[in-house]
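> dropping a prediction and its sequence here:
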Amino acid sequence: MTLRCGTLMVEEATIMIERQCVHCGKAFTLRYPSDLTRPGRGQFCSLSCRASAQNVGPHLSARRRITKTCIVCGEDFETGGRAGSAEKTICSMACQRISRYRTGKKCAELAPLDAAYLAGFWDGEGSFMIHGRNNQGGSIGFRAAVIGSKELVIRWVKDVTEIGTLLHHPSTNPKWASRWTWMVNGDGAESFTRQLLPYLKLKQEQAQLGIDFQERLRDPKLKADRTWQEEWRDRMQAMNRRGPVAVEETD
């Protein structure tokens, strides 16, 4: 065998090396040392064994299409190969969009005294809501909010939690004070409410419902299902609906 090295022609010595085909197990012989470094030449006895070996093995599952069931809509779809990753669990961009969970910033760790104060404030002035968002996707979310006329207190809520949105509502009547709103949605509302939960007295049931609601949204199938979300929204609204106050009779 003659090898070309630049402009020189080098004659390669012939050798006899016994090998065993990694595909069929048949013994075969190598004639030249360079065959040991050439891809596939020192492993297979023939081109047909080399081709056959490329079509078997664990790597093939990543190249062939497979049928899976979408965890969102329950429909079967093909994936793998050029159709996409074999690890896909959702069939389409539509299902991906309605099941997507957007992680938000969480509430800062509250001192026990601050959490207790906020719980008392929320029992009187604050609210926990499950509300429908006004967007094209029609999603429903958990919200914690409070409205008050004392700017110092409402700003303190934002400062101590390090999350949420602060809104100012100027009064159109000079006799009325301006109002301030602080509110937070999603992960922020959940992490905030969890810290208030042990201290709440009047709105503990609403707080727990909101926490459970946010936890369920992390399941893609439940996130895409609007039916249960509307039912839970109605449950929260019923809890928040004000009615006549019962007065206990005493002797």
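Thanks, I have it. Numbering: from 1, shown residues only.
> distance check, residue 212 against residue 131.
Separation of residue 212 from residue 131 (Cβ to Cβ, to the nearest Å) stands at 16 Å. All C-beta atoms are positioned from the backbone trio N, CA, C, and that covers glycine.
> outline the domain layout of the chain.
2-56, 60-99, 112-240 (automatic domain parsing).
> ranges for the strands of the stretch 51-200 of the chain?
66-69, 76-79, 126-132, 140-148, 165-169, 179-185 (DSSP state E, counting those that start in this stretch).
> which elements pack onto the first one?
Judged by 3 or more Cβ pairs under 8 Å, 6 or more residues apart in numbering; DSSP states H and E, the packing partners of strand 66-69 are strand 76-79.
> and the strand it packs on, which residues are buried?
Neighbour counts over strand 76-79 (16 or more other Cβ atoms under 10 Å) mark 77, 79 as buried.
> now for that strand, which elements pack on it?
Under the contact criterion of 3+ Cβ pairs under 8 Å, 6+ apart, strand 76-79 touches strand 66-69.
> next, the buried residues of the strand it packs on.
Buried residues in strand 66-69 (16+ other Cβ under 10 Å): residue 68.
> what's the average pLDDT for that strand?
Mean pLDDT, computed over strand 66-69, is 84.
> okay, now the sheet partners of it, with direction.
strand 76-79 (antiparallel) (DSSP bridges).
> what residues does the partner strand touch?
65, 66, 67, 68, 69, 70, 85, 86, 88, 91, 92 (Cβ atoms under 8 Å, 6 or more residues apart in numbering).
> if we use 7 Å, what do you get?
For strand 76-79, the surrounding residues in contact (Cβ atoms under 7 Å, 6 or more residues apart in numbering) are 65, 66, 67, 68, 69, 70, 85, 86, 88, 91.
> now stretch 126-133
Contact partners of stretch 126-133, identified using Cβ under 7 Å, 6+ apart, comprise 138-146, 193, 203, 206-207, 210, 213, 232-233, 236, 240.
> what subset of these is buried?
Using 16+ other Cβ under 10 Å, the buried ones in the contacts of stretch 126-133 are 139-146, 193, 203, 206-207, 210, 213, 232-233, 236.
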